[in-house]
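Undergrad: okay, predicted coordinates and the sequence, questions at the end:
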Amino acid sequence: MKASTIGLSLIVVLGGGWFVWSKFLKNPAAEASSASLMTVEPGTLRVEVTTSATVYASKSEVVRCNVEGRTTILWLAEEGRTVKKGEKVADLDVSSIRDRSETQAISVSRAKAALITAEKNLEIQKNQNASDIEAARNEVLFAQLELEKFLGREEMRRRGDVPSEILSEVDTASANNSPSPTEASSQAGETGNTTMGVRLQELVAARADIEIAQEEVKRAQNRLRWTKELWESKYVTDQDLEADELSLKKADKQLTLAQNKLHILDRYTLLKTERELVAKVKEAQAEERRTELRCEARIAQEEADLNSKKQEFELEQAKFDKFKEQIAYGTLYAPGDGLIVYATVGDRRRQEPIDLGTEVREGQEIIKLPDVTTMRLRASVPESVVSKVEEGQRVEIKVQTVQDKIFYGEITRVAKVHDSSNSWFSDTKEYRTDISIFGSHPELREGVSATAMIKVADLENVLTVPVHAIQRAGQVLYVWVQTDSGPVERIIEKGLSNERRVEIKSGLTAGDKVWLSTPPGVKRPLFEKENAEIQAKEQERKERAIESAAQRRSSSGGPSSGATEGGAPTNRSPGGAGPGSNASGAGGRPGGSGGANDEERQARRQRMTAFVEEVKARFPEDAGKLESIMSLFRDAELRAKIDADPVLGPKLREMMQGMGNRGRRGGQGSGGPGAAGDGQAPGGDGSGRPRRGGNGGSFGGGNRGAGRDG
């Protein structure tokens, strides 16, 4: 009984083992669970580019701070309220400007008083100048009258009124002596007593004194002669004779004195007086000219002072007006009808709306008044998918504040260059894209976040597989296809894709069963031959481009070509030198990473590809972001998630540490006809990022030799 029980149990165990072997172990396909395989079938693929966007109004009025420097917001109209044109929307703190304005008003009053004083001083100076010039002219007239009085009117008319002419006459008279007394007497007789000058009068008077003295001498001589005759006849006494003799002597002396007086008067006194009077006329005329010049200088000085005071007043008044303008800027009014939307402050990482107490600067936006009938979207499309986006494509829009409604629109503009404002915050290049929204939607508000789903294409009856089912080996794309003999790798050509699925143009047929991830226990293929062919084609394309560029330079008179590829650097050796041309060139680009050979580099690429697939499997929601290992470095958020993962984080850090260090840039090419470019750049030491090998010389002549990866 016991033996039969044991035999029955053995039969049950053996039967169960045969069943398991026959169902699972005998058939390799049974190892694949239904969750790891999918069947390729024709279907529809909707290709979309989903990106974040912001709602904005294409037409809007902006209220800005026009107060210079910085100021604080004291009052704001309620956000979301509709206002009319001219309605007050904000008050700014301008108390300090108002204090400065009051001080400036005092400066304006002082400048105005100084201006009025300068104006009056100019008027006073003009009157003073008129008086000074009139006095100087009178002095000239008085000097001329004195000279005319001395010379006589006829003599003045004969000589002329010009002082230089009069002076020349005086000089001539002093050289040739003055007219003799007889001439003076004759002139006096000719001209008459009414037009005779003081000079001639004194000459005539002196000559008359001489004539009288001569007559007195004659009379004294005659009297003395008669007295002597009478004295001889004893009719007169001795005293009478002596008295007549004394009278004769006295008359002789008087004649001598009169003659000497005429000589001194004519030779010295009158000549001196005439020269003094002529000099006075000349000096009076010179003083008149000096007075005119002094008056002109004083007028110029007063006018300059007036202009200076006028400019000072205008400057102070302009400052005062500027203060009043700045005070007026403290009250902000709506430039048009619209809905109040507060502007934001802060950087891209942290933006907050304007509020009471916020400090704003000149020119900063405070309030926007958007036209709600002209709402649009502004999106940023990553560089990786911008080639799929074109103007005119339809867009589905989901707005964050309107969750229960989908809006529609189309792309109106795609920027030709990337938005450089994002370069400080991310290595990912993004292109600004404008999207119009069909219809009028008053419920939309400017600044609200939205999601734009850009419709690229709707493909019908195409074969597709999930994104994470595609593997990469170098530049070859492949999938694992389940066959009767087990998983088999198959090279595919992919077409368009969305975040979840990829179009397969060749390599698969309907009904194929594809693994969604790498099957367990298989060895990853290297596809060395295929990668070599792809690299050869790429190298051939580059060489053709180099030759074409060299031919263009040669035909335009530039240096000839002649550089080819330099050798690949090893772990410690520099990259090979590419052949040079007819001049020295720049040094090669930095050396390669870690000195790895082709097999090691291929294995490293495979490890990177496998790691990317692990990340896709661990974070399927981010699978669309991972096109290559470099995507990990572009997406900071995804990188942080991987670092925090207990399994993927250590692998990522280990992989980063295993990358080769970059060598420095090579030295300058050696130059000379046919000489090889130096391209000396040592390879990396295996401790950092990879770099490229050194290049041949080029700048002076031929093209650089492109060093291969170390």
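TA: Alright, I've got the coordinates.

Undergrad: alpha carbons only for contacts and neighbour counts from here, please
TA: OK.

Undergrad: looking at the protein, which helix is longest?
TA: Using DSSP state H to define each element, the chain has its longest helix at helix 270-329.

Undergrad: average pLDDT for the helix or strand following that one, rounded please.
TA: Going down the chain from helix 270-329, the next helix or strand is strand 331-333, by DSSP states H and E. Averaged over strand 331-333, pLDDT sits at 94.

Undergrad: adjacent strands (with direction) for strand 331-333?
TA: Strand 331-333 sits in its sheet next to strand 88-92 (antiparallel), going by DSSP bridges.

Undergrad: list the buried residues for the partner strand?
TA: For strand 88-92, burial by neighbour count (16 or more other Cα atoms under 10 Å) applies to 89-92.

Undergrad: just send the residues you listed back as TSV, with pLDDT and distance to Thr374 too.
TA: Output for the buried residues of strand 88-92, formatted as TSV (pLDDT from 0 to 100; distance: Cα to Cα, whole Å):
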residue	pLDDT	distance to Thr374
Val89	92	22
Ala90	94	25
Asp91	94	29
Leu92	94	30
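
Undergrad: need those in TSV (columns: distance to Leu648).
TA: Shown next, in TSV, are the buried residues of strand 88-92 (distance: Cα to Cα, whole Å):
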residue	distance to Leu648
Val89	55
Ala90	54
Asp91	55
Leu92	54
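
Undergrad: where do the helices sit along the protein?
TA: Using DSSP H, the helices assigned to the chain run over residues 2-20, 95-151, 153-159, 163-176, 181-191, 198-232, 238-264, 270-329, 528-555, 598-618, 631-634, 636-644, 648-658.

Undergrad: what's the angle from the longest helix of the chain to helix 238-264?
TA: 40 degrees (axes from the mean of the first three to the mean of the last three Cα atoms, to 10 degrees).

Undergrad: which strands and helices sit next to helix 270-329?
TA: Applying 3 or more Cα pairs under 8 Å, 6 or more residues apart in numbering; DSSP states H and E, one finds that helix 270-329 contacts helix 95-151, helix 163-176.

Undergrad: low pLDDT regions in the stretch 601-710 of the chain?
TA: 601-602, 621, 624-625, 627-634, 646, 657-710 (pLDDT under 70).

Undergrad: give me that answer again for 80
TA: 601-610, 613, 616-641, 643-710 (pLDDT under 80).

Undergrad: same check on the stretch 401-550 of the chain?
TA: For the stretch 401-550 of the chain, the stretches flagged by pLDDT under 80 are 419-428, 440, 442-443, 445-447, 498-499.

Undergrad: that one: strands as residue ranges?
TA: 402-414, 430-437, 449-466, 471-473, 476-483, 486-491, 493-497, 501-506, 513-515 (DSSP state E, counting those that start in this stretch).

Undergrad: give the buried residues for the first one.
TA: Of the residues in strand 402-414, those with enough neighbours to count as buried (16+ other Cα under 10 Å) are 408-411, 413-414.

Undergrad: centre-most residue in this protein?
TA: Gly363 (16.9 Å; Cα atoms, centre = their mean).

Undergrad: I'd like to know how far the closest residue in space to that one that isn't next to it in sequence sits from Ile366.
TA: Distances taken as Cα to Cα, 6 or more residues apart in numbering put Cys65 closest to Gly363, at 5.2 Å, once the chain neighbours are dropped. Distance of Cys65 to Ile366, given as Cα to Cα, to the nearest Å: 7 Å.

Undergrad: likewise for Tyr431?
TA: 27 Å.

Undergrad: out of those two, which sits in the busier spot?
TA: Ile366 (25 against 20; other Cα atoms under 10 Å).

Undergrad: wait, doesn't that one sit right on Arg64?
TA: Yes: judged on Cα atoms under 8 Å, Ile366 makes contact with Arg64 at a distance of 5.4 Å.

Undergrad: now the longest helix of the chain and helix 198-232, what's the angle there?
TA: 160 degrees.

Undergrad: so the residue nearest to the centre of the chain is in contact with Gly69, correct?
TA: No: using Cα under 8 Å, Gly363 is not in contact with Gly69, being 9.5 Å away.

Undergrad: distance of the residue nearest to Asp643 when sequence neighbours are not counted relative to Met656?
TA: Nearest residue to Asp643 in three dimensions, chain neighbours excluded: Gly649, at 4.2 Å (Cα to Cα, 6+ apart). Using Cα to Cα, Gly649 is found at 11 Å from Met656.

Undergrad: more neighbours: which of those two?
TA: Gly649 (16 against 13).

Undergrad: give me phi/psi at Gly392?
TA: phi 90, psi -10 (degrees, to the nearest 10).

Undergrad: circling back to that earlier point, compare the helices of the chain and give me the one nearest Ile454.
TA: Comparing the helices of the chain against Ile454 with Cα to Cα, the closest turns out to be helix 631-634 (21.7 Å).

Undergrad: who touches Ile299 in this structure?
TA: 122, 125-126 (Cα atoms under 8 Å, 6 or more residues apart in numbering).

Undergrad: gap between Asn461 and Glu41?
TA: 9 Å.

Undergrad: of the two, who's got more company?
TA: Using other Cα under 10 Å, the more surrounded residue of Asn461 and Glu41 is Glu41, with 17 against 10.

Undergrad: okay, now the residue nearest to the more buried one when sequence neighbours are not counted: neighbour count?
TA: Excluding the flanking residues, the one nearest Glu41 by Cα to Cα, 6+ apart is Ala510, at 4.9 Å. Neighbourhood size, Ala510 [other Cα under 10 Å]: 12.

Undergrad: quick one: contacts for Ala510?
TA: 39-42, 463.

Undergrad: most neighbours among the residues you listed, which one is it?
TA: Leu463 (23 neighbours).

Undergrad: which residues touch Lys280?
TA: Ala143.

Undergrad: mind running it again at 10 Å?
TA: By Cα atoms under 10 Å, 6 or more residues apart in numbering, the contact set of Lys280 is 139-140, 142-144, 146-147, 163, 274, 286.

Undergrad: how about the contacts of Ala510 in a markdown table, adding distance to Asp238?
TA: A markdown table is the format used below for those (distance: Cα to Cα, whole Å):
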| residue | distance to Asp238 |
| --- | --- |
| Thr39 | 191 |
| Val40 | 189 |
| Glu41 | 190 |
| Pro42 | 188 |
| Leu463 | 185 |
